[in-house]
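Novice: no sequence for this one, just the structure:
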Ligand code: FES
């Protein structure tokens, strides 16, 4: 390959790369987000979450947990801590949700018990339909 051909090929590749890097953000801006269909509901079998246990799920890209609370029934809560966004975990022994980042704790209604979180965990819509739990 001659030097002139090589330089033309190199400039063409550079031009295409530059054009693509300019067009991509424009296309992302013009195409509305959410055109991809998100799950409207998520169905879980009730038997998958015995009394006192929890199941971690992802609903519409949100990490969440469904807890079968003794005496209070089922609840679905976002796992995203309202402090700085770490993911909380279910502590079965103490019946609470713990944030590993700064020791924030939440009760099983999502309310803050202690630590720096400023707000409760968001509650996701949940209903029981026969033998299934429907989130959303
Ligand atoms: S991110 Fe959860 S307590 Fe700080």
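Specialist: Perfect, I can see it now. Not measured: the values here are computed from a predicted model.
Novice: which secondary structure elements does the lowest-mean-pLDDT helix or strand in the chain contact?
Specialist: Least confident helix or strand, the chain: helix 3-30 with a mean of 76, by mean pLDDT, DSSP states H and E. Here helix 3-30 touches no other helix or strand, going by 3 or more CB pairs under 8 Å, 6 or more residues apart in numbering; DSSP states H and E. C-beta here means a position set from N, CA and C on the backbone, and glycine is covered the same way.
Novice: just checking, next helix/strand downstream of that helix?
Specialist: Using DSSP states H and E, the helix or strand that follows helix 3-30 in sequence is strand 42-45.
Novice: Just give me the neighbour total for residue 79.
Specialist: Here the count is done by other CB atoms under 10 Å, and residue 79 has 20 residues near it.
Novice: got the residues of this structure near the ligand?
Specialist: 81, 83-84, 86, 99, 101-102, 104, 115-117 (CB under 6 Å from any ligand atom).
Novice: For PyMOL, write the selection for the buried entries among these.
Specialist: The PyMOL command for the buried members of the residues of the chain next to the ligand (criterion: 16 or more other CB atoms under 10 Å) is given here:
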select buried, resi 81+83+99+104+117
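Novice: Restricted to helices, list the residues of the chain next to the ligand.
Specialist: Judged by DSSP state H, helices contain none of the residues of the chain next to the ligand.
Novice: could you list every residue that touches the residue most central in space within the chain?
Specialist: Central residue of the chain (CA atoms, centre = their mean): residue 62, 2.0 Å from the mean position. Residues counted as contacts of residue 62 (CB atoms under 8 Å, 6 or more residues apart in numbering) are 78-80, 124.
Novice: Alright, that wraps it up for me.
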